[in-house]
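Q: Sequence plus predicted model, see below.
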Amino acid sequence: MEIDSVSEAELKENGFRSTRRTKLICTIGPASCTFEQLEALAMGGMNVARLNMCHGTREWHREVIRNVRKLNSEKGFSVAIMMDTQGSEIHMGDLGGASSLKAEINQEWTFTVRTFDGGVLPESTCVVNYDGFAEDVKVGDELVVDGGMVRFEVVEKFGPDAKCKCTDPGRLLPRANLTIWREGRLVRERNAMLPTISSKDWIDIDFGLAEGVDFIAISFVKTADVIKHLKSYITARSPGGSTSVFAKIESSDSLKHLEDIIQVADGAMVARGDLGAQIPLEQVPSVQHRIVHLCRQLNKPVIVASQLLESMIEYPTPTRAEVADISEAVRQRGDALMLSGESAMGLYPEKALSVLRTVSLRMERWCREEKIHQTIRLPELSTALHERISEQISISAAQMANKLEAEAIFVYTRQGYMATLLSRCRPDCPIFAFTETKSVRQRLNLQWGLIPFRLDFSDDMESNLRRTFALLKARGMMKQGDLIVAVSDISTADMLQSIQVRKIP
Ligand SMILES: Nc1ncnc2c1ncn2[C@@H]1O[C@H](COP(=O)(O)OP(=O)(O)OP(=O)(O)O)[C@@H](O)[C@H]1O
Ligand SMILES: CC(=O)C(=O)O
Ligand SMILES: [K+]
Ligand SMILES: [Mg+2]
């Protein structure tokens, strides 16, 4: 039986009830890419490592993937890997090698589609990746960098250049996203025509599939079609492969097709960074709530991402407001929280992760103690009898476990579906998900409340249970008399689908 050492230690130390249910994702960058740094993050509770293909070379990313795999095989972790595509929305170039540049108030800057020999840029110049930029932009337009971190006003057009004046000063980061606003409205005519998956993205996707990444997150999804297309591409490319596709909700277009997109995707991400650049900032919290809620109803895992601990890029403690923001995402019962710059290039990746962990734990406990979880209506997902039975069994198992105050729910699952159904019910106790393959185990590691184990099944359910009890007892993770609720979606000769309530012998 395989379980990671951190989950095992947490279970032993704090007891089942207080294990963390909210999963944690870290974006890997220069501040977190060595084997030792990755190990420290895994020890700190990282469930998924995210690779942003906007940055770094494929060789760099390959090295990180190898390190994570090595960590998993040598130290028993099940850290999953998520690859995040660049997408083709307008963004700036890489600042001629500088890690950031300061734009001062009223300073004049040039935004241009020129390329520069050797990548050396003249002073106060930004390259824009989009050839139509010089045609599209108009005098008087506002250029918004990174959702408002810096703003410029276009004062003059001059060939391929737009001369701009900085109206909101701040720090420019390499490859930052850029939006054009005219008379208070986002200019989207041409953006809407840009492909969601660019040629570079396709090559990156091939790379990700070859490396066997667990998740591919698609940036700036606009409609459900692109997700469907990618899913059939993946099936054709790697038959039997198990790469899941996550739709990043960050384009204003995606909000018009939210339900269709989430329905066809394997999960979603509330990518608040770019989303906040495309819709007014004050709308982001309600959109977040809506996406988290919808994902739960449709049984899709959901990630809340961006600026959770932005101040910790530079400082060792979070702001009160950041702690409140994390707590709210935990209270909404999203599956996972994600660090971006905090872990990729900040000064305190481990500290930031530790804040996510402790704040999540505290809020989860409070929700349980105060019994504040709203009962949300969970609509039926399927019309097929076998799946309807699985849904009803999961709902009943979760209810029974809550009423009986069981220590844990055990689920024996081949593809993980039954485990996701249980996670969707957000029961009070943790869910031990036993599965046969490494890839399913890694995939389940992103979902709320699931503690995935790898176990070789036998055909006889009773012997699976007895073996699990013995193994968990031997490792000091369970003791005689502990009450558990067990369900299974592995069809065996002796049992179709059932719920059992057992005391550990
Ligand atoms: N692989 C990498 N190499 C170098 N720097 C990186 C890498 N990944 C991230 N960074 C740095 O961390 C910052 C935040 O990274 P992140 O990937 O979260 O950006 P983001 O803007 O939130 O995501 P997206 O580009 O998908 O909208 C980046 O601006 C970049 O400076
Ligand atoms: C994560 C991401 O892509 C964003 O917040 O924009
Ligand atoms: K990206
Ligand atoms: Mg983004």
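A: Received it, and whenever you're ready, just let me know what you need. The shown structure was predicted, so the numbers you read here are calculated from the model rather than taken from an experiment. Ligands and ions are numbered 1, 2, ... in the order given.

Q: Excluding chain neighbours, what is closest to the residue in the chain positioned nearest to ligand 4?
A: Residue nearest to ligand 4 within the chain (C-beta to the ion): residue 274, separated by 3.6 Å. Where you see a C-beta, it was placed from the backbone N, CA and C, and this is true even at glycine. Spatial nearest neighbour of residue 274, excluding adjacent residues (C-beta to C-beta, 6 or more residues apart in numbering): residue 250 at 3.9 Å.

Q: Surely that neighbour is in contact with residue 273?
A: Yes: contact status for residue 250 versus residue 273: in contact at 7.1 Å, counting by C-beta atoms under 8 Å.

Q: Of those two, give the one with the bigger neighbour count.
A: Shown here are residue 250 and residue 273; by other C-beta atoms under 10 Å, residue 250 has more neighbours (27 against 20).

Q: Report pLDDT for that one.
A: Looking at residue 250, its pLDDT is 95.

Q: On the three-state scheme, the residue of the chain closest to ligand 4 is what?
A: Of the three states, residue 274 takes helix according to DSSP: H, G, I helix; E, B strand; the rest coil.

Q: quick check, distance from the least confident helix or strand in the chain by mean pLDDT to the centre of its chain.
A: Least confident helix or strand of the chain, by mean pLDDT, DSSP states H and E, is helix 5-14 with a mean of 75. Distance of helix 5-14 from the chain centroid (C-alpha atoms, centre = their mean, to the nearest Å) equals 23 Å.

Q: now stretch 141-158
A: Mean-position distance between stretch 141-158 and its chain equals 30 Å (C-alpha atoms, centre = their mean).

Q: next one: stretch 108-122
A: 34 Å.

Q: Tell me which residues are up against that stretch.
A: 94-97, 103, 124-128, 130-131, 133-134, 137, 143, 152, 155, 160-166 (C-beta atoms under 8 Å, 6 or more residues apart in numbering).

Q: tell me how far the ends of that stretch are from each other?
A: 13 Å (C-alpha to C-alpha, to the nearest Å).

Q: so what's the residue nearest to residue 274 up against?
A: Neighbour list for residue 250: 219, 220, 269, 271, 272, 273, 274, 275, 278 [criterion: C-beta under 8 Å, 6+ apart].

Q: tell me the SS of residue 154?
A: strand.

Q: neighbour-wise, which of the contacts of residue 250 leads?
A: Neighbour counts for the contacts of residue 250 peak at residue 269, which has 32 neighbours (criterion: other C-beta under 10 Å).

Q: same for the helix or strand hosting it, what does it pack against?
A: Per DSSP states H and E: residue 269 is located in strand 267-271. Contact here means 3 or more C-beta pairs under 8 Å, 6 or more residues apart in numbering; DSSP states H and E; on that basis strand 267-271 packs against strand 244-249, helix 284-297, strand 302-305.

Q: what about the stretch 351-500 of the chain, any weak spots by pLDDT?
A: Along the stretch 351-500 of the chain, the parts satisfying pLDDT under 70 run over 374, 491-496.

Q: For it, give the residue positioned nearest to ligand 1.
A: residue 352 (12.2 Å; C-beta to the nearest ligand atom).

Q: repeat for the chain
A: residue 340 (2.6 Å).

Q: Can you tell me, leaving aside adjacent residues, what's nearest to residue 85?
A: Nearest to residue 85 is residue 201, by C-beta to C-beta, 6+ apart, at 4.3 Å.

Q: Spell out which parts of the stretch 101-250 of the chain neighbour ligand 1.
A: 173, 174, 219 (C-beta under 6 Å from any ligand atom).

Q: If you could redo that for the stretch 251-400 of the chain, that was the one I meant.
A: Counting by C-beta under 6 Å from any ligand atom, the stretch 251-400 of the chain comes close to ligand 1 at 273, 274, 306, 340, 341, 344, 345.

Q: In CSV: these, plus pLDDT.
A: Listed next are these as CSV, based on pLDDT from 0 to 100:
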residue, pLDDT
273, 93
274, 92
306, 97
340, 97
341, 96
344, 98
345, 95
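
Q: Considering those residues, which is situated nearest to residue 205?
A: residue 274 (19.6 Å; C-beta to C-beta).

Q: give the contact list for residue 244.
A: 214, 215, 216, 266, 267, 443.
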